[in-house]
Every structure is written in C-alpha cells, then in structure tokens.
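**Q** using only what follows, build the 3D model:
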Amino acid sequence: MTEQRPLRLVDRYQIITTALFVVLGVAILVRSTTLHARVDSYGLGAAFLLYGLYRLRYIVRALWRRRQTP
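**A** Just a heads-up that it's a prediction; the model follows:
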C-alpha cells in the first residue's frame, strides 16, 4: 500500500474557508433570529450556510477519491 501524500496548501486553505463559511452562516442566522433582524440578513446567513455546505460536499468527495486512488 502506498503512503498518502500530504495535503497541498491550497487544499488546506479551501477546507478552512469552507468551515468558516458554515460557521459564519450559522452565526448570522442565530444572531438574526435573536435580534429579530430584517429578512435580508436571514437570506445572507442562509446563503453563507448553503454555500459552505455545498463546498464541504465537494471537499469530502475529493478527499474520498484521493483516498481511493493508489
């Protein structure tokens, strides 16, 4: 079995920014809910959250494929 090569810097950057998108989206939604904010803040929070989850799905697939290839 071959040894896995380490993640590139760009891969690590994408993973970190994706996690931040998800965290920021949740934070915006929670803050909007507690402060009874305007509708556009709910949209912004949902957009950040959904975009972060979309990117997370892409990253998980890429890491899975990377793990499966010899």
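**Q** in the lengthiest helix in the chain, what counts as buried?
**A** The longest helix of the chain (DSSP state H) is helix 39-68. By 16 or more other Cβ atoms under 10 Å, the buried positions in helix 39-68 come out as Leu44, Gly45, Phe48, Leu49, Gly52, Arg55. From N, CA and C alone the C-beta is placed, and that goes for glycine too.
**Q** which one of the residues you listed is nearest Phe21?
**A** Within the buried residues of helix 39-68, proximity to Phe21 (Cβ to Cβ) peaks at Gly52, which comes in at 3.1 Å.
**Q** now that closest one: closest residue in space that isn't a chain neighbour?
**A** Closest residue in space to Gly52, ignoring its immediate chain neighbours: Phe21 at 3.1 Å, by Cβ to Cβ, 6 or more residues apart in numbering.
**Q** low-confidence ranges, the chain, go.
**A** Applying pLDDT under 70 to the chain picks out residues 1-2, 70.
**Q** can you do 80?
**A** Within the chain, the ranges that satisfy pLDDT under 80 run 1-4, 69-70.
**Q** mind checking how far the nearest residue in space to Arg31 that is not next to it in sequence is from Phe21?
**A** Nearest non-adjacent residue to Arg31, counting by Cβ to Cβ, 6+ apart: Ala37, 7.2 Å away. Ala37 is 19 Å from Phe21, where distance means Cβ to Cβ, to the nearest Å.
**Q** the two: who's more crowded?
**A** Taking other Cβ atoms under 10 Å, Ala37 and Phe21 do not tie; Phe21 has more neighbours (20 against 15).
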